[in-house]
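[1] Output the structure for:
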Amino acid sequence: MERRKLGTTDIDVTSICLGTMTWGQQNSEGDAHEQLSYAIDERGINFIDTAEMYPVPGRRETQGRTESYIGSWLKARGKREDIVLATKVVGRSGMVWTRDDEVDQTRHTRAQIDMAVENSLRRLQTDYIDLYQLHWPDRDLSAFGHHSYDDYDAQDMVPLIDILESLQRHVEAGRIRHIGLSNESAWGMMKFVALSEAHDLPRIQSNQCVYSLIARRFDYDRAEIAMRENVGLLAYSPLAMGVLTGKYDDGNAPEGSRGALFDGFMANYMKNNESWLDANRTARALGLTPTQFALKFVESRDFVTANIIGATSVEQLRENIDAHDIDWTEEMESEADRLHATYRCPMGR
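    Now for the predicted structure:
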């Protein structure tokens, strides 16, 4: 299992990170433990990513279950030092249940960050978090997909330096080792880096964003920052919510899939199907499975620190891990570029 440096830290993480967002909704605690044991103890993955709001879709009734499932596994297994554990604090949202309904809106204020860190540590049954990420910005910014930019009130945001200072207190106390971003813009990445350097505050080590064969907006500007500033990409949704596996190719959602379970969840992908149908046909023409083509593409990018893969069964997880074993060729690169030139990020992310 290849290992890559996490930003400017002394931490080496596997190029495959175990994603967890289905645990507590589509997967039981037993399922979660089985996947964790397989990925870490049998396949050598050392990197786990989760979030306080998981599982997805975010709901009051299920919030926090994913972290709790990880926590019970960590407690039973021990050897916490073998694991690089990442979690996330929600950004500006209406998910007030993550704050015990004590607020009208979730924000990156000091008080809310303090509450989120404390609750995540308790659920995860650990004394520290290796990588603590801002799940999406505190700014009123469209962070989850847009084709054009709409400005926001820059006065109506928690100042970025205040956010860094709030996180610094937890780093100094040993509750957090390092910090990262998620769904952050190029401007946000550079501002956080500049502020940390100017004021001797914790440095941003990563940016977790959507990235796949059909969603390559990270290439346009953030990739250069990732390379030059050592703020690598943690790529999520590399299979584009499953459409790059081929299982939706006939236009129907398989039983038990997110498309079948959550009405409207896959609507944007299903109405923009030309790109992923082409990608899946291309994979087969190259002698690959769609999963192999999609996952190896992401792992092959120089600016990617880790490819976050999720599964609802050990069988899926095995296929996803095995997909990284192939060699990436010039022909594959050429076809990936053709897809991008033809469809230009149809998912709008």
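[2] tell me the contacts of the residue positioned nearest the centre of the chain?
    In the chain, the residue lying closest to the centroid (C-alpha atoms, centre = their mean) is residue 236, at 4.1 Å. By C-beta atoms under 8 Å, 6 or more residues apart in numbering, the contact set of residue 236 is 19, 49, 208, 209, 210, 211, 308. The way it works is simple: take the backbone N, C-alpha and C, and place the C-beta from them, glycine included.
[3] And residue 77, how far from residue 244?
    According to C-beta to C-beta, to the nearest Å, residue 77 stands 32 Å off from residue 244.
[4] more crowded one of those two?
    Using other C-beta atoms under 10 Å, the more surrounded residue of residue 77 and residue 244 is residue 244, with 26 against 15.
[5] SS state for the residue lying closest to the more buried one once chain neighbours are set aside?
    Leaving aside its chain neighbours, residue 244 sits nearest to residue 294 (3.9 Å; criterion: C-beta to C-beta, 6 or more residues apart in numbering). Applying DSSP: H, G, I helix; E, B strand; the rest coil to residue 294 yields a three-state assignment of helix.
[6] Share the number of residues neighbouring residue 294, please.
    28.
[7] list the contacts for it?
    Residue 294 makes contact with 212, 213, 238, 239, 240, 244, 245, 279, 283, 323, according to C-beta under 8 Å, 6+ apart.
[8] Isn't residue 89 up against residue 132?
    Yes. The pair residue 89 / residue 132 is scored as a contact, 7.0 Å apart, by C-beta atoms under 8 Å.
[9] where do the contact lists of these two overlap?
    In contact with both residue 89 and residue 132: residue 117, using C-beta under 8 Å, 6+ apart.
[10] In the stretch 101-250 of the chain, where is pLDDT below threshold?
    Judged against pLDDT under 70, the stretch 101-250 of the chain has no low-scoring part.
[11] now the strands for it?
    With strands called from DSSP state E, counting those that start in this stretch, the stretch 101-250 of the chain shows them at 129-134, 176-182, 204-210, 232-236.
[12] With distance to residue 146 as new columns, can those be given to me in a markdown table?
    Listed next are the strands of the stretch 101-250 of the chain as a markdown table, based on distance: least, C-beta to C-beta, whole Å:
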| stretch | distance to residue 146 |
| --- | --- |
| strand 129-134 | 19 |
| strand 176-182 | 16 |
| strand 204-210 | 12 |
| strand 232-236 | 17 |
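[13] And those strands: which comes nearest residue 58?
    Shortest distance between residue 58 and the strands of the stretch 101-250 of the chain, using C-beta to C-beta, is found for strand 176-182: 14.2 Å.
[14] Summarise which helices and strands the closest one is packed against.
    Here strand 176-182 touches strand 129-134, helix 160-173, helix 186-199, strand 204-210, going by 3 or more C-beta pairs under 8 Å, 6 or more residues apart in numbering; DSSP states H and E.
[15] For residue 5, find the nearest of those.
    strand 204-210 (9.5 Å).
[16] Could you give the separation of the closest one from the chain centroid?
    Put simply, strand 204-210 sits 8 Å off its chain's centre (C-alpha atoms, centre = their mean, to the nearest Å).
[17] What of stretch 222-240?
    Distance, centroid of stretch 222-240 to centroid of chain: 11 Å (C-alpha atoms, centre = their mean).
[18] buried ones in that stretch?
    222-223, 225-226, 229-240 (16 or more other C-beta atoms under 10 Å).
[19] in stretch 171-181, what counts as buried?
    Buried, per 16+ other C-beta under 10 Å, within stretch 171-181: 171, 175, 176, 177, 178, 179, 180, 181.
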